[in-house]
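Q: Fold the following and give me the result.
(chains A and B)
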Amino acid sequence: MVHRPGLRSHEAGSVTEADVDAEVTVVGWVQRRRDHGGIAFLDVRDGSGVVQVVADPDEHPGVGDLKMEYCIRVEGVVRLRPTGTENPDLPTGMVEIGAGEIEVLAPAKTLPFMIDDRSEVDELTRLRYRYLDLRRPKMAENLRARSKATSAIRRTLDDLGFLEVETPTLVNSTPEGARDMLVPSRLRQGEFYALPQSPQLFKQLLMVSGVERYFQIARCYRDEDFRADRQLEFTQLDLEGAFWDRDDVLATIEEVLMAVARDIRGVDVELPFKRITWQEAMDRYGSDKPDIRFGMEIVDLSDAVAGSEFGVFAGAIESGGTVRGINAGSQDWPRSRADNMTERAKELGAKGLVWMVVEDDGQLRSPVAKFLSAQEQSEIKGLLGGQPGDVLLISADTWKTAVTVLGGLRLDLGRPSGHDELAFLWVVDFPLFEEEDDGSITFSHHPFTSPASLDEMRENPEQALSKAYDVVLNGVELGSGSIRIHDPDVQRQVFEILGIDAETANRRFGWFLEALEYGTPPHGGFAFGIDRLVMILQGEASIREVIPFPKTQTGLDPMTEAPTWVDDTQLRELGIDLTADSKLRRDGADAGEES
RNA sequence: GGGAGCGUAGAACAGUCUGGAGUGUUCGCCGGCCUGUCAAGCCGGAGGUCGCGGGUUCAAAUCCCGUCGUUCCCGCCA
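A: Numbers count the residues shown, from 1 in each chain, chains lettered A, B, ... in the order given. Below is the predicted model of the structure:
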């Protein structure tokens, strides 16, 4: 099947010197009009690029009416631009089209904002007119990149013999993990579906079903607060393989990610990706998703200050905590900056922050210097490699808080702003469980993750490792996976450790436990966020830039104004009553719209 | 749930700290001129509920309180 040209003979961006003297028809939007009175230039843009059309106003008296973003069709003859007027910045810059016939296919209203990459427009306005925003070259390129990503994923997995299988998007709600997006049932009043947070259990069922290699480009939903890299709905590559162990999963994901990076960036990522254990990631970078594009690693200073007279240091160590530091390098360090960093440290959970500046003479300038012996100061400086001008930041706290705080400050102070470099990283050997604030135990990945060792899980669950792994790109968690539990008895034990008693487990997951009873192959898989991946590959700071129609931080689509109120008839069918407060606001909003 | 920033013409901003007539810049829009531009240029013009409500004041875009919207962050996100 060939590409059908439709109304055009040539794509605007593909007209070249080879087409000189050819009669061509191009269609597209008027990017710019430069009207010199006796001659007028039109930049005509379609999906492929821009070509210059030259019109004589005597022959085309209407050319002056062609405003920006008018949709037009131009017939004409391709010719070389006169010497000296070529535009080397444009792929079509050697040629132009001498206009024969110009037809307005559709006029355009005055634009709410300029369709170019130069103007920075408020995001609310962009989203209200997203269809215009998507015409901007950068956004059009982001759409294409996204398509390339899914295409590379499908091609790679198809080659590897994977089956693309769709799983339901109306599923059971589960109270664990993220808040579910709920959908009320009409046929079963009072009951609710949930939109899936991931196809987790269905893909495991597919392993039981004999689908040995499954994938799906799956829309997933989590009803949690927004961030620059979080929306209510997002798209994941979800995959699973039977008779697999960890390295089979990692190698497959590496193949996929390499293919996507190659298709979008044109670079070959080095395989295999680096690997780091969770413990090492936390110790060195204070994060389970380290950005390894820069150093500024966390250093353990506990031994150097164990006997210190400085109560903050000594106290932390005596109570089982630790003292850690980073060398933030050469920084301007006025009092205000120091205060800001201290505030930030507190925001990240610290009680305070010790800062030191290495002076030209090697002395440490710090509010706490007077509490530290010369030897302690010297050891701190030595361990952190402090050179004159360097700022040293030290946190004394529990291990978790100390490394997390320094990890956060490290990102604030050292993280590269762009995404030119692609630093993929596997984080492996995650803990199986983690402790909640109330002391209870919860899973760190999800409750279907296989423990690394059954004995360890039973005897020492707090320390037990899991067969879970994350892939990280430039400090962003792209996704995670694990080898799953395929033995129903092990699964029941994990539920029990999590405080889910047998009766509850059977009620909620009995159907799944039963499925595991029928010869379930060992299996494992992975899921990564396509939005986040494309965001980084495109050098964007927010996933909204690579999602065609995203929502604002309060879950609003400014264009369609979703979500909207529904009337009582609809609610009655669903057996749902609004609270008095919601009703008031709804009826107030309705009245407001009518007036 | 909490913290911070922002909200002034169709767009992006300056003006707000230190109150004094809606004062200004760039782009767009309207009209005119212009035969080689490519973010064309030149001349002229229109366009404002300073988010909204309240307060202080002789006087509020500016100060105070509240509220709405938006962005970023903390919590949250298996």
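Q: pLDDT weak spots in the stretch 1-150 of chain A?
A: Counting by pLDDT under 70, the stretch 1-150 of chain A contains low-confidence ranges at A:1-2.
Q: List the contacts of the residue in the stretch 401-550 of chain A positioned nearest to RNA strand B.
A: Closest residue of the stretch 401-550 of chain A to RNA strand B, Cβ to the nearest atom of the strand: A:H446 (3.2 Å). C-beta coordinates here come from the backbone N, C-alpha and C atoms, glycine included. Contacts for A:H446 (Cβ atoms under 8 Å, 6 or more residues apart in numbering) come out as A:176-177, A:200, A:482.
Q: Tell me where the stretch 1-150 of chain A has helices.
A: Shown for the stretch 1-150 of chain A, the helices assigned by DSSP state H, counting those that start in this stretch span residues A:123-128, A:130-133, A:137-159.
Q: where does chain A have low pLDDT?
A: Residue ranges of chain A with pLDDT under 70: A:1-2, A:590-595.
Q: Find the helix or strand that the residue most central in space within it is a member of.
A: Most central in chain A under Cα atoms, centre = their mean is A:R532, positioned 2.4 Å from the mean C-alpha point. Using DSSP states H and E, A:R532 sits within helix A:530-537.
Q: isn't A:W333 right up against A:D390?
A: No - counting by Cβ atoms under 8 Å, A:W333 does not reach A:D390; the two are 9.7 Å apart.
Q: got any residues that touch both of these two?
A: Counting by Cβ under 8 Å, 6+ apart, the shared contacts of A:W333 and A:D390 are A:V357.
Q: anything in the helix or strand containing A:F528 near RNA strand B?
A: Under the criterion of DSSP H and E, A:F528 resides in strand A:523-529. No - shown here: strand A:523-529 not in contact with RNA strand B (Cβ under 7 Å from any atom of the strand), separated by at least 7.6 Å.
Q: again with stretch A:47-57
A: Yes - Stretch A:47-57 reaches RNA strand B (Cβ under 7 Å from any atom of the strand) through A:52, A:54, A:56.
Q: Same list (those residues) but as JSON lines, adding neighbour count.
A: Shown next, in JSON lines, are these (neighbours: other Cβ atoms under 10 Å):
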{"residue": "A:Q52", "neighbour count": "22"}
{"residue": "A:V54", "neighbour count": "16"}
{"residue": "A:D56", "neighbour count": "13"}
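Q: on that earlier part again, a markdown table for the helices of the stretch 1-150 of chain A, including distance to A:H419?
A: What follows is the helices of the stretch 1-150 of chain A, written out as a markdown table (distance: least, Cβ to Cβ, whole Å):
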| stretch | distance to A:H419 |
| --- | --- |
| helix A:123-128 | 20 |
| helix A:130-133 | 21 |
| helix A:137-159 | 12 |
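Q: Of all those helices, which one is nearest RNA strand B?
A: Closest approach to RNA strand B among the helices of the stretch 1-150 of chain A is made by helix A:123-128 (4.4 Å; Cβ to the nearest atom of the strand).
Q: thinking again about what came up before, quick one: the helices of the stretch 1-150 of chain A as CSV, columns for distance to A:G325 and mean neighbour count too.
A: Shown next, in CSV, are the helices of the stretch 1-150 of chain A (distance: least, Cβ to Cβ, whole Å; neighbours: other Cβ atoms under 10 Å):
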stretch, distance to A:G325, mean neighbour count
helix A:123-128, 39, 16
helix A:130-133, 45, 18
helix A:137-159, 40, 17
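Q: got the ones you listed as CSV, with distance to RNA strand B columns?
A: Compiled in CSV, the helices of the stretch 1-150 of chain A are given as follows (distance: least, Cβ to the nearest atom of the strand, whole Å):
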stretch, distance to RNA strand B
helix A:123-128, 4
helix A:130-133, 11
helix A:137-159, 12
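Q: Relative to A:V476, which of the ones you listed is closest?
A: Of all the helices of the stretch 1-150 of chain A, helix A:137-159 sits nearest to A:V476, with 15.0 Å by Cβ to Cβ.
Q: which other helices and strands contact the closest one?
A: Counting contacts by 3 or more Cβ pairs under 8 Å, 6 or more residues apart in numbering; DSSP states H and E, helix A:137-159 is packed against strand A:213-221, helix A:246-265, helix A:530-537.
Q: Whichever helix or strand comes after it pairs with which strands?
A: Using DSSP H and E, the helix or strand that directly follows helix A:137-159 along the chain is strand A:163-164. If you go by DSSP bridges, strand A:163-164 pairs up with strand A:213-221 (parallel).
Q: ok, and does the strand it pairs with reach over to RNA strand B?
A: No - under the criterion of Cβ under 7 Å from any atom of the strand, RNA strand B is not reached by strand A:213-221; the shortest gap measures 7.9 Å.
Q: Only C-alpha atoms, please: export the following helix or strand past that strand in PDB.
A: Downstream of strand A:213-221, the next assigned helix or strand under DSSP H and E is strand A:233-242. Taking C-alpha atoms only, strand A:233-242 is exported to PDB below (Å, rounded to 0.1, in the frame of the first residue of the first chain):
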ATOM      1  CA  GLU A 233      -3.900   8.200  33.400                       C
ATOM      2  CA  PHE A 234      -0.600   7.200  31.800                       C
ATOM      3  CA  THR A 235       0.700   4.700  29.300                       C
ATOM      4  CA  GLN A 236       2.900   1.800  30.200                       C
ATOM      5  CA  LEU A 237       4.600  -0.900  28.200                       C
ATOM      6  CA  ASP A 238       3.500  -4.000  30.200                       C
ATOM      7  CA  LEU A 239       5.200  -7.300  29.500                       C
ATOM      8  CA  GLU A 240       5.600 -10.700  31.100                       C
ATOM      9  CA  GLY A 241       7.400 -13.900  30.200                       C
ATOM     10  CA  ALA A 242       7.100 -17.400  31.400                       C
END
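Q: Any buried residues in strand A:233-242, and which?
A: Buried positions in strand A:233-242, judged by neighbour count with 16 or more other Cβ atoms under 10 Å: A:234-242.
Q: can you list these in TSV and add distance to RNA strand B?
A: Listed next are the buried residues of strand A:233-242 as TSV, based on distance: Cβ to the nearest atom of the strand, whole Å:
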residue	distance to RNA strand B
A:F234	10
A:T235	14
A:Q236	9
A:L237	14
A:D238	10
A:L239	14
A:E240	12
A:G241	17
A:A242	19
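Q: Reformat those residues as a markdown table; add distance to A:I298.
A: Formatted as a markdown table, those follow (distance: Cβ to Cβ, whole Å):
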| residue | distance to A:I298 |
| --- | --- |
| A:F234 | 31 |
| A:T235 | 34 |
| A:Q236 | 31 |
| A:L237 | 32 |
| A:D238 | 34 |
| A:L239 | 34 |
| A:E240 | 35 |
| A:G241 | 36 |
| A:A242 | 40 |
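Q: Please identify the pairing partners of the strand holding A:F528 and their relative orientation?
A: Applying DSSP bridges, strand A:523-529 is found paired with strand A:233-242 (antiparallel), strand A:476-483 (antiparallel).
Q: what does the stretch 401-550 of chain A have sitting close to RNA strand B?
A: A:408, A:437, A:442-447, A:542, A:544.
Q: hmm, which of those are the buried ones?
A: A:408, A:443-447, A:542, A:544.
Q: Phi first, then psi, for the spatially closest residue to A:T442 that is not a sequence neighbour.
A: Among residues not flanking A:T442 along the chain, A:E436 sits closest, at 5.5 Å (Cβ to Cβ, 6 or more residues apart in numbering). Backbone geometry at A:E436, expressed as degrees, to the nearest 10, gives phi -80, psi 170.
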